[in-house]
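Colleague: here are the coordinates; sequence isn't available:
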């Protein structure tokens, strides 16, 4: 019995020793494995650095010419855009810098304030789409030149002087109102004008202008003062008669400047009817100066959209 117990203890002791040796061996192997794994990354990290650093340097060297090309292209594009903008701006300014060679002119009798006042009162009867003529713009057109060369202006002034230098003041009288072209489809509302010698003066002016080779209006002369122009549906005004008149002491040469809001009339020259008041002066003394005459009104704005008729 004692021998068996001793053998059993001995076997148990051997088993314990064997178990204790196995963990020691496994611990040693684990420690060696961890150390080996800790040493492994050192070499690859250094290898990666040696490989990537030359690659980044090559990329930087390769990208330098490309960046320079992009900067050059950007500068060229910016310069080209600036040139195109400048050309477009010059193109828009070209019409403003254009100097016209012709202009719209007309010979006319100016209407005094003593007449324009009652006519302005008559305009109050208009309703609807009638565009009235301003008091300062009322006149009697004698001859209309739609496209006269500006370099012939001196000749037009001389013509006016020559045809009026032997005329005396005219007694101008107003008559009844009327419509143009007719009452059924009116476009213009006017008042008729009469004066001895007025038709002859208008015919002489037209013939003289045509002899100069300058175009005139084709319509026949009918002395009148335009009171309003129809711009759309509008009722007509019943006929009206005016027992008014004035003594016209001269004629004028006017220039019409077209604007979006209507023409602006500029007085270019004046021609006095003074044959009965004082001796006739020589043509050289009667000729109008090339500049604006003294006491001539400044240009005023006309509301109507068409040329004087």
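Modeller: Nice, thanks for sending it over. All of these numbers come straight from a predicted model, not from anything done at the bench. Residues are numbered from 1 along each chain as shown.

Colleague: now the helices: where do they sit in the stretch 151-300 of the chain?
Modeller: 153-164, 198-211, 283-286 (DSSP state H, counting those that start in this stretch).

Colleague: out of these, which is closest to residue 185?
Modeller: Closest to residue 185 of those, according to Cβ to Cβ: helix 198-211, at 26.1 Å. The C-beta positions use only the backbone N, C-alpha and C, and glycine is treated the same way.

Colleague: coming back round to it: got JSON lines for the helices of the stretch 151-300 of the chain, with mean pLDDT and mean neighbour count too?
Modeller: Shown next, in JSON lines, are these (pLDDT from 0 to 100; neighbours: other Cβ atoms under 10 Å):
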{"stretch": "helix 153-164", "mean pLDDT": "97", "mean neighbour count": "20"}
{"stretch": "helix 198-211", "mean pLDDT": "97", "mean neighbour count": "17"}
{"stretch": "helix 283-286", "mean pLDDT": "37", "mean neighbour count": "11"}
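
Colleague: give me the domain ranges for this structure.
Modeller: What automatic domain parsing lists as the domains of the chain is 2-40, 102-301.

Colleague: just those domains: most buried one?
Modeller: domain 102-301 (a mean of 16; mean count of other Cβ atoms under 10 Å).

Colleague: helices or strands up against the helix or strand in which residue 146 is found?
Modeller: Using DSSP states H and E, residue 146 sits within strand 139-149. For strand 139-149, the packing partners by 3 or more Cβ pairs under 8 Å, 6 or more residues apart in numbering; DSSP states H and E come out as strand 102-110, helix 198-211, strand 224-230, strand 250-257.

Colleague: please, where are all the strands along the protein?
Modeller: 102-110, 130-132, 139-149, 170-180, 188-194, 224-230, 245-248, 250-257, 264-272, 300-301 (DSSP state E).

Colleague: partner strands of the second one, with direction?
Modeller: Within its sheet, strand 130-132 is paired with strand 224-230 (antiparallel), according to DSSP bridges.

Colleague: one step back: weakest of the domains of the chain by average pLDDT?
Modeller: Ranked by mean pLDDT, these bottom out at domain 2-40, which scores a mean of 61.

Colleague: could the strands of the chain go into a markdown table alongside distance to residue 72?
Modeller: Formatted as a markdown table, the strands of the chain follow (distance: least, Cβ to Cβ, whole Å):
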| stretch | distance to residue 72 |
| --- | --- |
| strand 102-110 | 51 |
| strand 130-132 | 61 |
| strand 139-149 | 54 |
| strand 170-180 | 70 |
| strand 188-194 | 67 |
| strand 224-230 | 63 |
| strand 245-248 | 76 |
| strand 250-257 | 52 |
| strand 264-272 | 54 |
| strand 300-301 | 56 |
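
Colleague: so which of the ones you listed gets nearest residue 118?
Modeller: With Cβ to Cβ as the yardstick, what comes closest out of the strands of the chain is strand 170-180 (8.8 Å).

Colleague: contacting residues around residue 257?
Modeller: Residues near residue 257 by Cβ atoms under 8 Å, 6 or more residues apart in numbering: 104, 263, 264, 265, 266, 299.

Colleague: one more time with 7 Å, if that's ok
Modeller: By Cβ atoms under 7 Å, 6 or more residues apart in numbering, residue 257 lies in contact with 263, 264, 266.

Colleague: next: residue 106.
Modeller: Applying Cβ under 7 Å, 6+ apart, the residues contacting residue 106 are 141, 143, 144, 145, 254, 256, 308.

Colleague: now render these as JSON lines, adding distance to residue 80.
Modeller: Output for the contacts of residue 106, formatted as JSON lines (distance: Cβ to Cβ, whole Å):
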{"residue": "141", "distance to residue 80": "55"}
{"residue": "143", "distance to residue 80": "55"}
{"residue": "144", "distance to residue 80": "51"}
{"residue": "145", "distance to residue 80": "48"}
{"residue": "254", "distance to residue 80": "50"}
{"residue": "256", "distance to residue 80": "45"}
{"residue": "308", "distance to residue 80": "51"}
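
Colleague: tell me the two of the residues you listed that are most distant?
Modeller: It's 143 and 256 that sit farthest apart of the contacts of residue 106, by Cβ to Cβ, at 13.2 Å.

Colleague: just to revisit the earlier point, quick one: closest of the strands of the chain to residue 163.
Modeller: strand 264-272 (7.8 Å).

Colleague: re the thing from before, pipe the domains of the chain into CSV and attach distance to residue 81 per row.
Modeller: Below are the domains of the chain laid out as CSV (distance: least, Cβ to Cβ, whole Å):
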stretch, distance to residue 81
domain 2-40, 60
domain 102-301, 33
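
Colleague: done for today, thanks.
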